[in-house]
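Asks: any chance you can model this:
(chains A and B)
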Protein chains: 2
Amino acid sequence: MTASQGRTGRRAGDSGTREAILAASRKRFAGHGYDGATIRGIATDAGVDPALVHHFFGSKERLFAAAMRLPVVPGELLAAALAAGPADPGESMGEHLVRTVLRAWDVHEIRDVFTGLMRSASTSPQAMTMLREFVTEAIVSRLSTVARAGGPAEARYRASLVASQVLGLGMTRYVLGLEPLAAADLDTLVASIGPTVDRYLTGDLG
Amino acid sequence: MTASQGRTGRRAGDSGTREAILAASRKRFAGHGYDGATIRGIATDAGVDPALVHHFFGSKERLFAAAMRLPVVPGELLAAALAAGPADPGESMGEHLVRTVLRAWDVHEIRDVFTGLMRSASTSPQAMTMLREFVTEAIVSRLSTVARAGGPAEARYRASLVASQVLGLGMTRYVLGLEPLAAADLDTLVASIGPTVDRYLTGDLG
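Replies: Numbering: from 1, shown residues only, chains lettered A, B, ... in the order given. Sure thing, here's the model as predicted:
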C-alpha cells in the first residue's frame, strides 16, 4: 500500500498536496484573517507537516499570494522598488515607487486581481479584514522601514499616508476610471505623485 | 373628481409626486448613468412636468443626492469648502478642504453612505459608471475652477489628482480601516495631507 502510494509518482503527489495546502489556506485566511491564520493551522487542515508548507511556499506572505492567485507577491515587488537603486538615474524613491506600482498595475492580470480584491473586500467584512491585515503586514511594515521618523509609531503613520495615496491612485485610475487621471501617461503621474510619496516618507509633515 | 383630488390635500399629493420622481430618478441614473439621465426623461417616467422636478429638487445634482439618499450634496459641501475663507485663520485651501471632508466623513450617516456607494460601485458596473460620472461632474469640475493651470485640461488633471488623494484617504481611513491612519486625529491628517492638495491644485507638478 505504502509502496503503491509512493509509486503513484512524486509529481502527482506534490500537486495534490499543494492543492490541499492552498485550499486549506483560502479557508483559514478567510475565516481567521491574515494575522490569525497560521502555517501550523493550515498544515493541520491540509493533513501535512508544517515543514512541507514552508518547503512549498517559503513564507506566509507567499502562501497568501499563491492562495489568492496573485501574479506577484506585493511586498516583494515593494521591497525591490525600495531596495534597488532607481532604474532611472536621478529618480527619487517616491518617484521610483510610483513608477513600479503603476507598471505592475498596467499589466492586465495584476490589475484584474487588484480590482477583484477590492471588490470582494467591499462586499465581505471577512475579506476586508483579511485585506487590511495583509496590507498592514506586507505593505505598511515594509514601507515604514524606509521612513525617516522619530520612532516606529511615526514611521508606520508615514507608511500609512503613502498607502492612502497609492491606493487612491489605483482606485481612481483603474477601478473608478476617473479622467483625465485614468488616461495620463506614466511619466506625468510619476512626476506629479512621486514627490507626495517622498514627503510622506521623509519630509516635513507640519 | 378633480376637486376631490385637490381636496385630498396638497401635502399628500406633493409627497406622492416627490416619491414618484425619486423612484424614476433611481431607475434612470442606474440605467443611463449620471450624464445620460435627463430631468426631462425622469419627468416623463414619473408622469410629471419637468418644471415640477426643478421646483422640487432645483438641480440634477440635488436630485441625484436625494435619490441616492445622500445626507449632503457633495459638490455643495466642496463649493463651501473652496469658496469661504478658511474657518481657521492661516489655513491653506488644501488644509481647509481636507478638514471639511474629514469632518463630513466623521459623521456616521455620511460615512455609511460613502462606504455604501463604494460597495455598490465595486460590484455593479452600472453603479460604477454612475459614480464616475457624478464624481467627474460634481467634484472634478468644481475643483478644476480653483486649480492654477495653463488651461482647462491641466486644471482637470490637477483636480483628478486631488480626487485620488482624497478618495484614497477615505478608503484607507473609513473603508479599509488601515492603522495608524484610521485612528489619527483630524489636525494631524490636515497638516499631513493638506499640503499635498495645495500642491496638486496650485503647485509645481514637475
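Asks: the residue in chain A that chain B sits nearest to: what's it in contact with?
Replies: Taking CB to the nearest CB, chain B has its nearest neighbour within chain A at A:Gly168, 1.8 Å off. C-betas here are computed from N, CA, C, even on glycine. A:Gly168 makes contacts with B:Ser164, B:Gln165, B:Val166, B:Leu167, B:Gly168, B:Leu169, B:Met171, B:Thr172, as judged by CB atoms under 8 Å, 6 or more residues apart in numbering or on different chains.
Asks: I figured the first one hits A:Leu169, correct?
Replies: Right, the one you point to is B:Ser164. Yes: between B:Ser164 and A:Leu169 there is a contact under CB atoms under 8 Å: 5.0 Å.
Asks: need the overlap of contacts for the two.
Replies: Common contacts of B:Ser164 and A:Leu169, defined by CB under 8 Å, 6+ apart, comprise A:Leu181, A:Ile193.
Asks: which of these two has more neighbours?
Replies: Shown here are B:Ser164 and A:Leu169; by other CB atoms under 10 Å in any protein chain shown, B:Ser164 has more neighbours (28 against 25).
Asks: OK, contacts around that one?
Replies: By CB under 8 Å, 6+ apart, the contact set of B:Ser164 is A:Gln165, A:Gly168, A:Leu169, A:Met171, A:Thr172, A:Arg173, A:Leu178, A:Leu181, A:Ile193.
Asks: hmm, back to that, what two of the contacts of A:Gly168 are the furthest from one another?
Replies: The distance between the two most remote of the contacts of A:Gly168 (CB to CB) is 12.0 Å, for B:Ser164 and B:Thr172.
Asks: for stretch A:20-39, which positions count as buried?
Replies: For stretch A:20-39, a neighbour-count test (16 or more other CB atoms under 10 Å in any protein chain shown) marks A:20-22, A:24-30, A:32-34, A:37, A:39 as buried.
Asks: and A:Leu205, which of the three is it?
Replies: coil (DSSP: H, G, I helix; E, B strand; the rest coil).
Asks: verify the stated contact: it with B:Val190.
Replies: No: using CB under 8 Å, A:Leu205 makes no contact with B:Val190, being 10.8 Å away.
Asks: buried residues, stretch A:199-206. List them.
Replies: For stretch A:199-206, burial by neighbour count (16+ other CB under 10 Å) applies to A:Arg199, A:Tyr200, A:Leu201, A:Thr202, A:Gly203, A:Leu205.
Asks: average pLDDT for the helix or strand harbouring A:Ser120?
Replies: Here A:Ser120 sits within helix A:108-123, counting by DSSP states H and E. Helix A:108-123 shows a mean pLDDT of 79.
Asks: the helix or strand just after that helix: how far from the chain's middle?
Replies: From helix A:108-123 onward toward the C-terminus, using DSSP H and E, the following helix or strand is helix A:125-134. A distance of 12 Å separates the C-alpha centroid of helix A:125-134 from that of its chain, computed with CA atoms, centre = their mean, to the nearest Å.
Asks: so does helix A:125-134 get close to chain B?
Replies: Yes: counting by CB under 8 Å from any CB of the partner chain, chain B has neighbours in helix A:125-134: A:Met128, A:Leu131, A:Arg132.
Asks: for A:Tyr200, see how far away the last one is.
Replies: As defined by CB to CB, to the nearest Å, A:Arg132 lies at a distance of 19 Å from A:Tyr200.
Asks: what's the burial count for A:Met69?
Replies: One correction, residue A:69 is Arg, not Met. So A:Arg69, with other CB under 10 Å, has 11 neighbours.
Asks: just the one 5 residues further on next, same as before
Replies: A:Pro74 sits with 21 neighbouring residues when counted by other CB under 10 Å.
Asks: name the nearest residue to it, sequence neighbours excluded.
Replies: A:Ala138 (5.6 Å; CB to CB, 6 or more residues apart in numbering or on different chains).
Asks: quick one: the one you found and A:Lys60 touch, right?
Replies: No: taking contacts as CB under 8 Å, A:Ala138 lies outside contact range of A:Lys60: 9.7 Å.
Asks: pLDDT below threshold where in chain A?
Replies: For chain A, the stretches with pLDDT under 70 are A:1-13, A:84-88.
Asks: ok, which stretches of it are helices?
Replies: Taking DSSP state H as the test, the helices found in chain A are A:2-7, A:10-36, A:39-46, A:50-57, A:60-67, A:74-83, A:93-105, A:108-123, A:125-134, A:141-144, A:152-170, A:186-202.
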